[in-house]
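Undergrad: Okay, structure incoming, though there's no sequence with it:
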């Protein structure tokens, strides 16, 4: 509350300084938000394209897997899958956008050659191998979607946070400081007016005193030797 | 002592229960998956389907029903025979055991559960469901080898031979190849001799081994970095009539593959070197083999051909029904399914 602030000149100067910093902060935050929004829309387009690729890859992979299961038999595919274990490595780098750390996920090649998958080439049909390859493509598409959506989420959160900060500064902090400045200024002005009034009164009193003292002095001077 | 005359009489009766093309077309034309289930209920698969529907739903129920029916069929045919005829039929069915033993080995190697392993086996060979469950229940690969030995299964021999290397190097692929090579050796050993039935089985297995070696060679040579000669050599299954070790090594090396294909052509291999689409090549090769095997049904009425031909026709029917079921369940276009269906 403005009334809880000590209405001193020092506080007034301090508040004015704070106000200037807050206004500068709002400006900076708005520019940061604009940069993030521009980045956000660029990534949204990437994310939509990645989603489309994922949907297409999934449709193709599942149809192919179904046909493979039908032709080779579920058992053959299950047995082939039992050897098919591997780790997927991704590179994560942090990019700095206006002080916000945005993760850039780089997907390494997830497609593995036949022998690296642990498949026995004498027991695994080309259809099964192709099906495994299509699911590796699907995995790459999933990682791509995950990478863009992580960025989107992070940037979205940062935009929300920045907007909250801008709103807080514009609608709470700055009006409050302005109120405090107004209050301090008003109190200081009132004090100044009171001082002027008081000084005027003192001056008047002194003048009245002087006026009263002047006839007595004149008499004393007239009634002298 | 029942011989192929008795066995074939029984198998011919079973042949009459295979679905005719009209029935197949009717099932392919079913509008929904439920309509397909209703249609399948009125076929010899109905009983298996009802049992499967009690445990599974959707496509899984159909797969289970078809697998059960096929297992029951092979076990029934196996029960018809005796003596040499039975030995030949069992040699023919051993291919299913090869796939099942591989699945158990992979399951044990990667620490899968008994249920996971049972999901990846089809008890259509000498190993029944009970035997396979017993294998899947074993704690590790040496115990699997011991169980196969206790069951007096032919694969106990290659398992015992390959076990030491596996324990030293932990190389599952090496053990799998050992069993795979023994399979061909064993079946060709059973089919040794000048008898008609032995010749039919031997020629069939030799053609299959040749086809397998050509497929394997193509997979190896199409790798971005084809493996060295030693690695390539370990993937050869000996026993084929056309693909010798020399031809296999020619086929698997990028610089000599043309030479290898010329050698194959000179030996009468029915296909030329394929383009980029290996799946299409394998499909064509499998179709040729399936048609050739199914055509055996029209061969000697007192020979093993009837059994071989019938099993090919039956398995082909199962594959086609699995394709139809998927087309209904997942909405795969009918034309695409028709292209994939094998017509023998």
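TA: Yep, it's here. Fair warning: this is a prediction, and the values are worked out from it, not measured in the lab. Residues are numbered from 1 along each chain as shown, chains lettered A, B, ... in the order given.
Undergrad: pLDDT weak spots in the chain?
TA: Picked chain A for this. Across chain A, the ranges flagged by pLDDT under 70 are A:1-3, A:84-85, A:223-225.
Undergrad: Switch to chain B, please.
TA: Applying pLDDT under 70 to chain B picks out residues B:1-2, B:344.
Undergrad: try 50 this time
TA: Residues of chain B meeting the criterion pLDDT under 50: B:1-2.
Undergrad: ok, which stretches of it are strands?
TA: With DSSP state E applied, chain B shows no strands anywhere along its length.
Undergrad: Contacts only, for residue 75.
TA: Went with chain A since none was named. Contacts for residue A:75 were tallied using CB atoms under 8 Å, 6 or more residues apart in numbering or on different chains; they are B:67, B:99, B:103, B:119, B:120, B:121, B:122. Using the backbone N, CA and C atoms, a C-beta is placed for each residue, glycine as well.
Undergrad: That was the other one, I meant chain B.
TA: Contacts of residue B:75 were listed using CB under 8 Å, 6+ apart, and they are B:123, B:124, B:128.
Undergrad: which of the contacts of residue A:75 come close to chain A?
TA: Restricting the contacts of residue A:75 to those touching chain A (CB under 8 Å from any CB of the partner chain) yields B:67, B:99, B:103, B:119, B:120, B:121, B:122.
Undergrad: The closest residue to the third one other than its chain neighbours: how many residues sit nearby?
TA: Sequence neighbours aside, residue A:79 is the residue nearest to residue B:103 in space, at 3.8 Å (criterion: CB to CB, 6 or more residues apart in numbering or on different chains). Other residues within reach of residue A:79, judged by other CB atoms under 10 Å in any protein chain shown, total 28.
Undergrad: Longest helix in chain A, please.
TA: Longest helix in chain A, counting residues (DSSP state H): helix A:9-72.
Undergrad: So it, near chain B or not?
TA: Yes: figure legend: helix A:9-72 in contact with chain B (CB under 8 Å from any CB); contacting residues A:62, A:63, A:66, A:67, A:69, A:70, A:71.
Undergrad: Mind checking what helix or strand follows that helix in sequence?
TA: Counting by DSSP states H and E, the element after helix A:9-72 in chain order, helix or strand, is helix A:74-83.
Undergrad: In contact with the residue nearest the centre of chain A: list those residues for me.
TA: Residue closest to the mean C-alpha point of chain A, counted by CA atoms, centre = their mean, is residue A:158 at 3.1 Å. Listed by CB under 8 Å, 6+ apart, the contact partners of residue A:158 are A:36, A:100.
Undergrad: so which strand or helix has it?
TA: Under the criterion of DSSP H and E, residue A:158 resides in helix A:126-168.
Undergrad: any idea of the angle that helix forms with helix A:74-83?
TA: Here helix A:126-168 runs at an angle of 60 degrees relative to helix A:74-83 (axes from the mean of the first three to the mean of the last three CA atoms, to 10 degrees).
Undergrad: all helices in the stretch 1-150 of chain B, in order from the N-terminus.
TA: B:4-15, B:21-28, B:33-41, B:46-55, B:58-80, B:83-109, B:114-119, B:129-137, B:141-150 (DSSP state H, counting those that start in this stretch).
Undergrad: Output the contacting helices and strands for the longest helix of chain A.
TA: The elements that helix A:9-72 packs onto, with contact taken as 3 or more CB pairs under 8 Å, 6 or more residues apart in numbering or on different chains; DSSP states H and E, are helix A:74-83, strand A:90-97, strand A:100-107, helix A:126-168, helix A:174-222, helix B:305-330, helix B:334-340.
Undergrad: one more time with 6 Å
TA: With contacts defined as 3 or more CB pairs under 6 Å, 6 or more residues apart in numbering or on different chains; DSSP states H and E, the secondary structure elements packing on helix A:9-72 are helix A:126-168, helix A:174-222, helix B:305-330.
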